[in-house]
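In: sequence first, predicted model second:
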Amino acid sequence: MTAPHSCPDVLPEIPGGWTTRDFLLAGTSLRVTLPASPDAFLDDPRVLAANRRDDYMPYWSYLWPTSLETAVAVLQQDWAPETEALEIGAGIALTGQAALKRGLKVSFSDYDPQAIDLALYNARENGTLDRAEGLLLDWRQPIDRRYPVIFGCDVIYERPNHRPILGLLEKMLAPAGVAWITDPGRHQADAFLALLADSPFRTEHRTLVREPYPGRPAGVTNLWSLRWKTGP
């Protein structure tokens, strides 16, 4: 499932309302609007109905733990100008916003249209909308389009998602491309790594020092770079 999205003129009302935060990451300023109280969605009748229907959860509304240091890594990487990148499970999409600031062209994808609308809105607020697009994308139904860079920030938190994510990478990563998968150290990561061992990708691992974040202990985040085994 995929569909192009246009940038909304204004953001709709949501449970708990919106807030705006300024991030200074690797010397780059990003202004990001995001839900002020993501937990407020859990009492929304529409969310409760969707959860009963298909186990839906409003994960898009949270600023996920690895997003700050992943954004820093993106900003510090040497990318070719206007490299095309896909962010999967974009959510608040801090990684993609950083990529836009770094000069990449970014397709924000999520299965929740609210996340895509927010990503495009924030791109416009940061002056980078001309290099951004939105895609409504289900990992189980990847599209016939390849990207030289794919970002997956904090997407392997549930084991049932692992095979769909790998299937998407096999379908959508360009032959000489690279996919970045980051995770804060959840126990499900081992299961994902086990799948990678039998996949067509070779993997390089490095750790990222966690950026300061209220209520989060110091430590490191894992970043796995995936490339085709038969590629360069």
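Out: That came in fine, so what should we check first?
In: and the longest helix for the chain?
Out: Counting by DSSP state H, the longest helix found in the chain is helix 113-125.
In: okay, buried residues for that one please.
Out: Residues of helix 113-125 classed as buried: 114, 115, 116, 117, 118, 119, 120, 121, 122, 123, 125 (neighbour count, 16 or more other CB atoms under 10 Å). In this view, the C-beta of every residue, glycine as well, is placed from N, C-alpha and C.
In: what do you get for stretch 92-103?
Out: For stretch 92-103, a neighbour-count test (16+ other CB under 10 Å) marks 92, 93, 94, 95, 96, 97, 98, 99, 100, 101, 102 as buried.
In: ditto for stretch 31-39
Out: In terms of neighbour count (16+ other CB under 10 Å), stretch 31-39 has its buried residues at 32, 34, 35, 38.
In: the first one: which element?
Out: Put plainly, it is residue 32. Using DSSP states H and E, residue 32 sits within strand 28-35.
In: could you list every helix and strand in contact with that strand?
Out: strand 18-25, helix 94-101, helix 113-125 (3 or more CB pairs under 8 Å, 6 or more residues apart in numbering; DSSP states H and E).
In: would you list these in CSV and tack on mean pLDDT?
Out: Listed next are the helices and strands packed on strand 28-35 as CSV, based on pLDDT from 0 to 100:
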stretch, mean pLDDT
strand 18-25, 95
helix 94-101, 98
helix 113-125, 97
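In: quick one: which of those is nearest residue 152?
Out: Taking CB to CB, helix 94-101 is the member of the helices and strands packed on strand 28-35 nearest to residue 152, at 8.8 Å.
In: what's in contact with that closest one?
Out: When contacts are defined by CB atoms under 8 Å, 6 or more residues apart in numbering, helix 94-101 is touched by residues 23, 25, 28, 30, 32, 63, 67-68, 70-72, 74-75, 79, 85, 87, 90, 106, 108, 119, 122-123, 126, 128, 131-132, 149, 151, 153.
In: what mean pLDDT does stretch 45-58 have?
Out: Averaging pLDDT along stretch 45-58 yields 92.
In: buried sites along it?
Out: 47, 58.
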